[in-house]
Structure formats: structure tokens, C-alpha cells
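# okay, predicted coordinates and the sequence, questions at the end:
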Amino acid sequence: LSGRPCGQIVIASPPSQKSTMSPLRMFGALVLGLAVTIGVIGKAVPELFLKLPMGFIPWAMTGNPMPPFWDVTPFEDGEFRSWARDGDLI
């Protein structure tokens, strides 16, 4: 047939795989990297978020308490009626 002795095993090389990442996999890696970076900053040095415009949003999303200027105490059940009246525009 092919001139090989009987019983010889021929190992075929695997098909060559592309060395580049597919766009979907690359996007997933980018999102994962961004999420890990935001999480590490949020736990290690969360004050960096407050230097950004609208930085209170990532600050709160990473589990930190809202800054003092976003105090929700006046809107709690027992407190709301002490300062808000009927007809007030809030």
C-alpha cells in the first residue's frame, strides 16, 4: 500500500489552531478584566471613585456606603412626615 511495514502506528499531527482569540472571547476577557479591576479598586482604594464625575455610582456599586450628601434618613417612614406636608413638591 504505502510502503510502511505492517503494524506501524502513524500519529497524525493535530490540526493547527489559530493563535488569535475570537472577537467574542476577546470581548469577554476585556469585560472580565474590567470587572476585576473595578472590584479590586472598590475594596482596596474606593476613594478613587469619588474623584470621578458621578463617582458615587461605582462607589455604591462596590458595596460602600453612600456619601453623606446622599443621606436617606429624612425619607425613612418615621421621619418623612416630620418635615414633609401635603402639597409639598419633592
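Perfect, thanks for sending it. Quantities reported herein were computed from a predicted structural model and do not represent experimental measurements. Numbers count the residues shown, from 1 in each chain.

# which residue is nearest the centroid of this structure?
Ala35 (2.8 Å; C-alpha atoms, centre = their mean).

# name all residues that make contact with that one.
Residues in contact with Ala35 (C-beta atoms under 8 Å, 6 or more residues apart in numbering): none are found. Heads up, the C-betas are built off the backbone N, CA and C, glycines and all.

# swap in Met21?
With contact set as C-beta under 8 Å, 6+ apart, Met21 has these partners: Ala29.

# so it: helix, strand or coil?
At Met21, secondary structure determined by DSSP: H, G, I helix; E, B strand; the rest coil is coil.

# distance of it relative to Ile11?
Look at Met21 and Ile11: by C-beta to C-beta, to the nearest Å, they are 28 Å apart.

# for stretch 51-69, what is the average pLDDT?
Taken as a whole, stretch 51-69 has a mean pLDDT of 84.

# what does stretch 33-40 give?
Averaged over stretch 33-40, pLDDT sits at 94.

# ditto for stretch 73-81
83.

# tell me how far it is from the chain's mean position?
Taking the mean of its C-alpha atoms, stretch 73-81 sits 33 Å from the chain's own mean (C-alpha atoms, centre = their mean, to the nearest Å).

# and that stretch, how far apart are its ends?
Taking C-alpha to C-alpha, to the nearest Å, stretch 73-81 runs 12 Å from one end to the other.

# likewise stretch 72-81?
Stretch 72-81 has an end-to-end distance of 14 Å (criterion: C-alpha to C-alpha).
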